[in-house]
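Enquirer: A predicted structure for the sequence below; I have some questions about it.
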Amino acid sequence: MLIVTTPDIPGYAIDAVLGEVMGITVRSANIGANFLAGLKSLGGGEVSEYTNLVYESRSQVMQRMWDQCVQRGGNAVVNMRYDTGDIAQSFSEVCAYGTAVVVRPIATAAEGGTPQSIADAAARPQ
C-alpha cells in the first residue's frame, strides 16, 4: 500500500492516473465516552476517548480510499489529504481523498531508483 501526501513517489514512475478516490465516515461518540470525556475535561489534558474515535475514523477512511483505488486498478494514491467537519453538534465527518495512480518501481539507482523501489522491483515477478 503506497499512499503519500506528495504529488509523486521518489523511485517510482507514474504510468497512469485513474482519478480521485475517497473514503468518508460520519461518527459520534457513545454516551459512555461522552460522559468520561466530560469528566476528563474538568482536569485538562488529552481526552483519550475522542483521540481513539478520531484514530479509528482516520484508519477506516484510509482503508475505504485504498479499496476504491484497488477497484479502479491502482496500486498507489498520491496527493492524499484528510478533511474533517462537524455535522450538527454531535457528529464528526472524516474524509480521506487523493489521486489513484498506477506506479512502477524504478529498478536502478542510475535511473532515479531508491533502495525501496529497487527492492520492490526485484521482488516483482517479471
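Expert: Received, thanks.

Enquirer: buried residues of stretch 67-83, list them for me.
Expert: Neighbour-count burial for stretch 67-83 flags 68-69, 74-78, 80 (criterion: 16 or more other Cβ atoms under 10 Å). For glycine as for every other residue, the C-beta is placed from the backbone atoms N, C-alpha and C.

Enquirer: now do the SS call for the nearest residue to residue 86 once chain neighbours are set aside.
Expert: In space, and not counting its chain neighbours, residue 86 is closest to residue 92: 6.1 Å by Cβ to Cβ, 6 or more residues apart in numbering. Look at residue 92: counting by DSSP: H, G, I helix; E, B strand; the rest coil, its state is strand.

Enquirer: now do the contacts for residue 92.
Expert: 26-28, 53-54, 57, 84-86 (Cβ atoms under 8 Å, 6 or more residues apart in numbering).

Enquirer: farthest pair within those?
Expert: Using Cβ to Cβ, the contacts of residue 92 reach their maximum pairwise distance at 53 and 85, which is 14.7 Å.

Enquirer: so the residue nearest to residue 13 when sequence neighbours are not counted is in which element?
Expert: In space, and not counting its chain neighbours, residue 13 is closest to residue 104: 5.0 Å by Cβ to Cβ, 6+ apart. Per DSSP states H and E: residue 104 is located in strand 91-105.

Enquirer: which parts of that strand are buried?
Expert: Those buried within strand 91-105 under the rule 16+ other Cβ under 10 Å are 92, 94-105.

Enquirer: my guess is residue 22 contacts residue 97, does it?
Expert: Yes. Look at residue 22 against residue 97 with Cβ atoms under 8 Å: they come within range, at 3.9 Å.

Enquirer: which residues do those two both contact?
Expert: With Cβ under 8 Å, 6+ apart as the test, residue 22 and residue 97 both reach residue 65.

Enquirer: re the thing from before, just the buried residues of strand 91-105 now: which is nearest residue 48?
Expert: Looking across the buried residues of strand 91-105 and measuring by Cβ to Cβ, the closest to residue 48 is residue 92, at 15.9 Å.
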